[in-house]
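A.B. asks: below are the sequence and a predicted model for it; my questions follow.
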Amino acid sequence: MPNELQHYMMWTFVNEAKLPDDVEDLLVPGERAICAYSTIRDVAIFTDKRLIVRDAQGITGKKVEMYTLPYKSIDMYSTENAGHLDLNAEVELWTRAGHIKINLKRSADVRKIDKILAAFILK
C-alpha cells in the first residue's frame, strides 16, 4: 500500500484493569474477553478474536468511539520493553488498515500482551 494511503493510529494503555461490566454487550456468541487495560479516557479489551478499544470523547465523555481490530487483520507486530530510562514499552501492529502504535506505561506488562497477540494471531 502506498505510504500516502497508510493510516496511522496511536493508543496509550496505562495499566491492566478489571473487565468492564458491560463487556458482554460487545462480544459475539462464542467470543470471550481475556483482559482489559485502562487507556487515557476509557478501556481496551483483548478477546480471543480481537482487540476492542473504547475511546470516550468530548468534555463529558458521553460520546464513545469504538475501534475493533480483528487479529486476522494483523500482518506483523513488534514489542519493545521499557529500558532503564524509557518510561514506556511499545507494541506496534502492521495491519491491512494501516499502522497502529500502542504505548504502554510501566505498569502494563508488554510480555503479557506479546503472549496474547502470539496466541491468537498464530492460531
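C.D. replies: Everything's here; your move. Numbers count the residues shown, from 1 in each chain.
A.B. asks: buried set for the longest strand anywhere in the chain?
C.D. replies: If you go by DSSP state E, the chain has its longest strand at strand 8-17. For strand 8-17, a neighbour-count test (16 or more other C-beta atoms under 10 Å) marks 11-14, 17 as buried. Any C-beta I mention is one placed from the backbone N, CA and C, and that applies to glycine too.
A.B. asks: tell me which stretches of this protein form helices.
C.D. replies: 110-121 (DSSP state H).
A.B. asks: ok, back up a step: who are the packing partners of the longest strand of the chain?
C.D. replies: strand 33-39, strand 43-47, strand 98-105 (3 or more C-beta pairs under 8 Å, 6 or more residues apart in numbering; DSSP states H and E).
A.B. asks: tell me the strands beside the second one, with direction?
C.D. replies: I take that to be strand 43-47. Paired neighbours of strand 43-47 in the sheet (DSSP bridges): strand 33-39 (antiparallel), strand 50-57 (antiparallel).
A.B. asks: go through it and flag the buried ones.
C.D. replies: For strand 43-47, by 16+ other C-beta under 10 Å, it's 43-47.
A.B. asks: over to stretch 25-34?
C.D. replies: Residues of stretch 25-34 classed as buried: 26-27, 33 (neighbour count, 16+ other C-beta under 10 Å).
A.B. asks: for residue 67, state which of the residues you listed is nearest.
C.D. replies: residue 26 (11.5 Å; C-beta to C-beta).
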